[in-house]
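Enquirer: Model the structure of this input:
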Amino acid sequence: MRSIKLFALLPLIMMVGTAATKPATPLAPIGGPAPVAEAQRPASSPPAVFPTSATLTKQDVDSWLDGMVPFALRRGDLAGAVIVVVKDGQVLTQRGFGYADAAKRTPVDPARTLFRPGSVSKLFTWTAVMQQVEAGKIDLDADVNTYLDFKIPLKNGKPVTMRQLMTHTAGFEEHGKLTMFDNPKFQISLGDLVKGGIPNRIYEAGSTPSYSNYGTALAGYIVERVSKMSFDDYVEQRIFQPLGMAQSTFRQPLPKAFAPWMATGYRQLSTGPYKFEIVGPSPAGGLSSTGADMAKFMIAHLNQGAGLMKPETARTMHDTPLTILPPLNRMELGFFETNINGRQVIGHLGDTQAFHTALHLFMKENVGIYMSFNATGEQASVGPVRRAIFEDFADRYLPGNEMPTTRVDAETSAEHARMLVGNWLNSRRAETNFYALASLLSQVKISVNAKGELILPAGRDLNGKPAKWVETSPFVWHNVDGHGRLAAKVVDGKVVRWSIDGISPFMVFDRAPASKSSAWIIPALYVSLGVLLVTLLQWPVSALIRRHYKTPLTLQRRSLRVYRGVRVAAGFVLALIAAWLVSMSTLKALPSYDPWLWFLQIAGLVILIGAALLAALNLRFVTREKRGWFRTLWAVLLLLAVLLPFYVAWTFGLIAMTVNY
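Expert: Purely as a prediction, here's the structure:
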């Protein structure tokens, strides 16, 4: 598994940019006019007038794809791709590019090659949920404990509802254990998985979007409970069979009948193949499917759920937005808005370690596009490629003008930009286990330039340069050179939250409190490490110098013990930090690592408490024996150098005494 820092940053690396790319950490998913509230979609509004475009025909789309995709695959160290476009209930084109298996030179066949859509799988889970809502077996606003044989704890007296699961606002912290692995021995039943690793709820229900694979798995288990069918059986009988999706399955490991058609995954094409990924919370990302089958799914949803649900149920699913941070894109019930060019678009994105997928439905134009890639590529190149295909497709065939003509005056805009300066925490985070360390390492920093313009290093255009933002209305910025908006929420004259279009439906950024701000913690940690290292190295160096000059260490026995003990403690603290760093870069989120995690936490608590006591005792002896101002100052620095790692470990879950993460 990635290092915890990369795990935390990858959603931004692959999602943030012109259109603020979409979620792409493993099993992360990843915008319209200015909808300020759900009611702002009046049926009587005059139809929008859009500029002329290229004709959306098979011939033109094929020519456009041929000119773009093969080069993008080669340039990005990508293996293969499948791209499907549907229009007016028919497949307009379905294309395979590159290799399903590079070693065997097997080309991608859009009708037969299976890809792993990652979190696009969630749309099937949410479709199943809506079928059960339609059948009267699930109430969107009822306590989910009504349907469970175990309990999801209340948060401030409030339960979780199915609507909150579908909009990622149940308040669950990030949970990664058993999310993805390649050894079937770690696979457990869906029921055991959702019962055995309930994440803590860190937000008030309905208040904060925080993307949750666990929440989707829980919804899949509820489908099992109310339908009295396994999730795999349910999807096969109620979704795949009615739509004729014969080349699709949620079953893991892959059944023998499907195995010959499975595309090989790659981190990078040049580094060789990646093993088949088993997704623990299967309803959140376990699907294997072909481009042709996904076309059938898109057509069904574009046609008001035909073959799956009643039109009124489909409308509820597709057009019941939750507004958290207007006017940015919003969550629907399972789908999320990916509006572009002033058009109503809903969709989903998905990423495993090796496969990366996007599905977008232009609802009023009755057009859908699906793409999936079987490699991440050099420097996660698949993210920009995926985004470029969607944006260029929309600009070529379904254009429109997103950029308002209004502007906030320069002085006011500069003042507003300065209000965003600082460090910000991603709402998709953990707080009660060691995954919380990611919220220290991956804080997003906003600054302003000399002109008072926003600088968001994580938000980059397709050219790799930071996006340029212009404020078009108070606390709403548009990307000058592309798609996407950034908006901020102001409370009592202070900016407390912001996000950008591509991730706003399921992730926002809240200001990091001073107690958790990496702006001072990271530099202070470097200083602490330096003090600890110098203290440790000074011990043998000074001993050698004394031996050379035949000068004894003139300390009383007790003082000598403390002198030596505090240096040993410094070494143990450094060793503990090194152990955590190595563990973060090599850890796999599997039960087999639990003993090591328990050891790190227990040993960490003992080492940090012991080191703090010894450092405090050392300071006491140094001051009492009046060893001079420099030794006194160093003893103070040493005590602080020990206390800071203790503070970080306590604050960011390194001694939380849990293996539920």
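
Enquirer: List phi and psi for the closest residue to K87 other than its chain neighbours.
Expert: Sequence neighbours aside, V367 is the residue nearest to K87 in space, at 5.0 Å (criterion: C-beta to C-beta, 6 or more residues apart in numbering). C-beta: built from backbone N, CA, C; applies to glycine. Backbone torsions for V367, taken as degrees, to the nearest 10, come to phi -130, psi 140.

Enquirer: List the contacts of V367.
Expert: 56, 85-87, 302, 361, 397-398 (C-beta atoms under 8 Å, 6 or more residues apart in numbering).

Enquirer: now do H318
Expert: Contacts of H318 by C-beta under 8 Å, 6+ apart are 301, 332-333, 335, 346, 363.

Enquirer: what's the most distant pair in these?
Expert: The span of those, defined through C-beta to C-beta, is set by L333 and M363 at 13.9 Å.

Enquirer: Which of those two has more residues huddled nearby?
Expert: L333 (23 against 17; other C-beta atoms under 10 Å).

Enquirer: secondary structure element for that one?
Expert: Here L333 sits in a region with no helix or strand, counting by DSSP states H and E.

Enquirer: Point out where the stretch 1-150 of the chain drops to low pLDDT.
Expert: 1-52 (pLDDT under 70).

Enquirer: Would you map the strands across it?
Expert: 80-87, 90-101, 106-107 (DSSP state E, counting those that start in this stretch).

Enquirer: May I see those organised as TSV, with distance to A487 and mean neighbour count added?
Expert: Output for the strands of the stretch 1-150 of the chain, formatted as TSV (distance: least, C-beta to C-beta, whole Å; neighbours: other C-beta atoms under 10 Å):
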stretch	distance to A487	mean neighbour count
strand 80-87	31	26
strand 90-101	34	20
strand 106-107	44	14
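
Enquirer: For F297, find the nearest of these.
Expert: strand 80-87 (9.7 Å).

Enquirer: Okay, angle between the closest one and strand 90-101 too, please.
Expert: Relative orientation of strand 80-87 versus strand 90-101 (axes from the mean of the first three to the mean of the last three C-alpha atoms, to 10 degrees): 180 degrees.

Enquirer: Against which helices or strands is strand 80-87 packed?
Expert: If contacts are counted by 3 or more C-beta pairs under 8 Å, 6 or more residues apart in numbering; DSSP states H and E, strand 80-87 sits against helix 58-75, strand 90-101, helix 291-302, strand 367-373.

Enquirer: so how far is that strand from its chain's centroid?
Expert: Relative to its parent chain, strand 80-87 has a centroid offset of 25 Å by C-alpha atoms, centre = their mean, to the nearest Å.

Enquirer: do stretch 324-342 as well
Expert: On C-alpha atoms, centre = their mean, the centre of stretch 324-342 falls 17 Å from the chain's centre.

Enquirer: got a list of what Q353 touches?
Expert: Neighbours of Q353 in contact, by C-beta under 8 Å, 6+ apart: 26, 180, 265, 267, 274, 277, 376.

Enquirer: Give me the pLDDT value at it.
Expert: pLDDT, Q353: 97.

Enquirer: Excluding sequence neighbours, find me the nearest residue to E134.
Expert: T313 (4.6 Å).

Enquirer: hang on, the earlier thing: can you check which of the strands of the stretch 1-150 of the chain gets nearest to L425?
Expert: Of the strands of the stretch 1-150 of the chain, the one closest to L425 (C-beta to C-beta) turns out to be strand 80-87, at 34.5 Å.

Enquirer: Extract the CA atoms of that closest one and return them as CSV.
Expert: In CSV, the C-alpha atoms belonging to strand 80-87 read as follows (Å, rounded to 0.1, in the frame of the first residue of the first chain):
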residue,chain,number,x,y,z
GLY,A,80,-4.7,0.3,-22.4
ALA,A,81,-8.1,1.9,-22.3
VAL,A,82,-11.7,1.3,-23.2
ILE,A,83,-13.9,4.3,-24.1
VAL,A,84,-17.7,4.1,-24.8
VAL,A,85,-20.1,6.8,-25.9
VAL,A,86,-23.8,6.4,-25.9
LYS,A,87,-26.5,8.7,-27.4
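
Enquirer: Provide the strand pairings for that strand, with the direction of each partner.
Expert: Sheet neighbours of strand 80-87, with direction, are listed as strand 90-101 (antiparallel), strand 367-373 (antiparallel) (DSSP bridges).

Enquirer: and the angle from it to helix 58-75?
Expert: Using the same axes, to 10 degrees: strand 80-87 against helix 58-75 is 160 degrees.

Enquirer: Next, the angle from strand 80-87 to helix 291-302.
Expert: 30 degrees.

Enquirer: Check for me that K626 belongs to a strand.
Expert: No: K626: not assigned to a strand; according to DSSP: H, G, I helix; E, B strand; the rest coil it is coil.

Enquirer: Count residues in the vicinity of it, would you?
Expert: Counted with other C-beta under 10 Å, K626 comes out at 9.

Enquirer: from now on call the first residue 734
Expert: Got it, first residue is 734 now, which makes that one K1359.

Enquirer: what's near enough to touch it?
Expert: Counted by C-beta under 8 Å, 6+ apart, K1359 has zero contacts.

Enquirer: ok, now with 10 Å
Expert: T1365 (C-beta atoms under 10 Å, 6 or more residues apart in numbering).

Enquirer: again, but for K1184
Expert: Taking C-beta under 10 Å, 6+ apart, one finds 1143, 1146-1147, 1150 in contact with K1184.

Enquirer: Is it part of a helix or strand, or is it coil?
Expert: coil.

Enquirer: Any figure for the gap between it and H1149?
Expert: Using C-beta to C-beta, to the nearest Å, K1184 is found at 13 Å from H1149.

Enquirer: Can you show me the strands along the stretch 1034-1183 of the chain?
Expert: 1069-1070, 1078-1084, 1089-1095, 1100-1106, 1155-1159, 1177-1181.

Enquirer: What helices and strands are in contact with the shortest one?
Expert: Just to be clear, that refers to strand 1069-1070. strand 1078-1084 (3 or more C-beta pairs under 10 Å, 6 or more residues apart in numbering; DSSP states H and E).

Enquirer: Just the CA trace of the strand it packs on, in CSV.
Expert: Extracted C-alpha coordinates of strand 1078-1084, given in CSV (Å, rounded to 0.1, in the frame of the first residue of the first chain):
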residue,chain,number,x,y,z
VAL,A,1078,-24.0,16.2,-15.8
ILE,A,1079,-24.0,13.5,-13.2
GLY,A,1080,-21.4,10.7,-12.9
HIS,A,1081,-18.9,9.0,-10.8
LEU,A,1082,-15.2,8.2,-10.9
GLY,A,1083,-13.3,5.2,-9.6
ASP,A,1084,-9.7,4.2,-8.9
